[in-house]
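Trainee: sharing a model prediction with you, sequence too.
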Amino acid sequence: MKARFCTNTHGDLVDVKELRAEDRNARGPYTCLGCGNGMLPVLGKIRVHHFRHTSDAEIDCSHETYLHRAAKMAVVAGFTAACREGRQYKLTRNRKVRCMSAADLFPDGCSKPEAPEVFDLTQWLDTAAEEVGVGGFIADVLLTKGGEGARLLIEIEVSHPCAPEKLASGLPILETKVSSEKDIARLRTGITIDSDRGRGFNLSPLSERFVDRCSACPKEETVFIIYRSGKVQMTSQSRQRFKKILARSSIVHWEVVTDKLRGLRPVERIDAFLKAAHYEGGVNARTCLQCRYGAISNSTRQPMVCFKQRGKILPTGINKATNCLEYSPVQTYDELLQARQNRAADQPSDRDDPREDNLIED
């Protein structure tokens, strides 16, 4: 078996990538972590550097044992060196993040997907040891704090996960998967959980972190807008984009489209907002929805028709009323509903459908 890692007579974990050809045996003799037999470093110029068994005879060497032992030693060696040298031994775990960059418009902020955050385990713990008993269980590696009760179990998953009874013990546990020598190498600098390579159990929960900026805003909102001209618009944009849009002086009113209206057609949503903003709130608007000659059709893509276009019943856009000489606004919403009912028998329901986005203008 070729191996990247082995141990020496001092019990140190040795990485073949750290050896030089001129002093290849300076840290030896080397012992296999999978079977306990002697190992030799192979440091040629062509093949990948590795350790091999000193004997050419067939040896019963367990790859799983090798990975498990090397991983435990990597954690202990990495953590101990970090404490000694005053550097971090990293624990990477996910924390919920809420972006408040558009809080002036959307006070609840934007709940983003969990983001990885790095913690330094040497800030809370200072000692690492293999195969230590704690709470009736044996930890693969136990991190502790001298003179204090702080403790953290590191469990190495090679072929099977941590026993359910150990997970249910209430002991704080980091379980990390090891399937290759790359996994062993990364354990010398830290552990990552909340991913496909590791999990955490019985850990203190992390509070949500608030940030005031995002590199990219993934959160979209749908907003209903009334312009000073009387035109209306319903548009979906990112919250960051809305910070610029809603700052325009031409906008006199806006509202977020809530989930309870998302099942309606766009024209029906706009009509509901006009009822609240114009008829109940007194915000000035000038649309075909307010006109006694306008009617909402049954078509999904031809939402409105006009009964006053050169004596014909023709499709129209919601904002055509802005420059229409025939515009005749109805003063109350109840009167508007009555006018629509009077027109209902005459409106077409099966015209060729034009593009919907041509019927709702900015």
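Mentor: Received the coordinates, thanks.

Trainee: please, which helix or strand holds the residue nearest the centre of the chain?
Mentor: In the chain, the residue lying closest to the centroid (Cα atoms, centre = their mean) is Pro113, at 2.6 Å. Using DSSP states H and E, Pro113 maps to strand 110-120.

Trainee: packing partners for that strand?
Mentor: strand 90-99 (3 or more Cβ pairs under 8 Å, 6 or more residues apart in numbering; DSSP states H and E). Where C-beta positions appear, they are placed from N, C-alpha and C, glycine not excepted.

Trainee: lowest confidence element among the helices and strands of the chain?
Mentor: Least confident helix or strand, the chain: strand 312-315 with a mean of 75, by mean pLDDT, DSSP states H and E.

Trainee: what about Gln290, how many residues nearby?
Mentor: Residues lying near Gln290 (other Cβ atoms under 10 Å) number 24.

Trainee: my guess is Trp124 contacts Ala150. True?
Mentor: Yes. Trp124 lies in contact with Ala150 (Cβ atoms under 8 Å); the separation is 5.8 Å.

Trainee: now the nearest residue to Arg239 once chain neighbours are set aside: how far from Thr258?
Mentor: Nearest-residue entry for Arg239: Ala102, 4.1 Å, with adjacent residues in sequence omitted and distances by Cβ to Cβ, 6 or more residues apart in numbering. According to Cβ to Cβ, to the nearest Å, Ala102 stands 17 Å off from Thr258.

Trainee: hang on, isn't Ala103 packed against Gly109?
Mentor: Yes. Using Cβ under 8 Å, Ala103 is in contact with Gly109, at 5.6 Å.

Trainee: more neighbours: which of these two?
Mentor: The neighbour comparison of Ala103 against Gly109 (other Cβ under 10 Å) goes to Gly109, with 19 against 15.

Trainee: about what we covered before: what residues of the least confident helix or strand of the chain count as buried?
Mentor: 313, 315 (16 or more other Cβ atoms under 10 Å).

Trainee: which helices and strands sit right next to that strand?
Mentor: Going by 3+ Cβ pairs under 8 Å, 6+ apart, strand 312-315 lies up against strand 304-309.

Trainee: what would the strand it packs on look like as PDB? C-alpha coordinates only.
Mentor: Extracted in PDB, the C-alpha atoms of strand 304-309 (Å, rounded to 0.1, in the frame of the first residue of the first chain):
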ATOM      1  CA  MET A 304     -58.400  44.500 -20.600                       C
ATOM      2  CA  VAL A 305     -60.600  45.700 -23.400                       C
ATOM      3  CA  CYS A 306     -62.000  49.200 -24.200                       C
ATOM      4  CA  PHE A 307     -65.500  49.800 -25.400                       C
ATOM      5  CA  LYS A 308     -64.800  53.400 -26.700                       C
ATOM      6  CA  GLN A 309     -62.100  52.800 -29.400                       C
END
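
Trainee: what distance separates that strand from the middle of the whole chain?
Mentor: 48 Å (Cα atoms, centre = their mean, to the nearest Å).

Trainee: may I have the strands that pair with that strand, each with its orientation?
Mentor: strand 294-296 (antiparallel), strand 312-315 (antiparallel) (DSSP bridges).

Trainee: could you list the buried residues of that strand?
Mentor: Quick answer for strand 304-309 (16+ other Cβ under 10 Å): 304-308.

Trainee: for the residue nearest to Arg239, helix, strand, or coil?
Mentor: coil (DSSP: H, G, I helix; E, B strand; the rest coil).

Trainee: next, count neighbours for it.
Mentor: Neighbours of Ala102 (other Cβ under 10 Å): 22.

Trainee: what does Glu117 give?
Mentor: Glu117, neighbours per other Cβ under 10 Å, totals 14.

Trainee: residues contacting it?
Mentor: Contacts here follow Cβ atoms under 8 Å, 6 or more residues apart in numbering; on that basis Glu117 touches 92-95, 206, 209.

Trainee: quick check: of these, which lies closest to Ser62?
Mentor: Lowest distance from Ser62 to the contacts of Glu117 (Cβ to Cβ) belongs to Thr92, with 29.7 Å.

Trainee: can you tell me the closest non-neighbouring residue to that closest one?
Mentor: Thr192 (4.2 Å).

Trainee: next SSE after the strand holding Pro113?
Mentor: Taking DSSP H and E, what comes next after strand 110-120 is strand 127-134.

Trainee: so, low pLDDT: which residues of the stretch 51-200 of the chain?
Mentor: Within the stretch 51-200 of the chain, the stretches with pLDDT under 70 are 112.

Trainee: strands along that one, start to end?
Mentor: 90-99, 110-120, 127-134, 137-144, 151-157, 173-177, 190-192, 198-201 (DSSP state E, counting those that start in this stretch).

Trainee: among these, which comes closest to Lys219?
Mentor: strand 110-120 (4.1 Å).

Trainee: tell me the neighbouring strands of that closest one, and mark each as parallel or antiparallel.
Mentor: strand 90-99 (antiparallel).

Trainee: mind checking how far Ala168 is from Val132?
Mentor: Taking Cβ to Cβ, one finds Ala168 at 20 Å from Val132.
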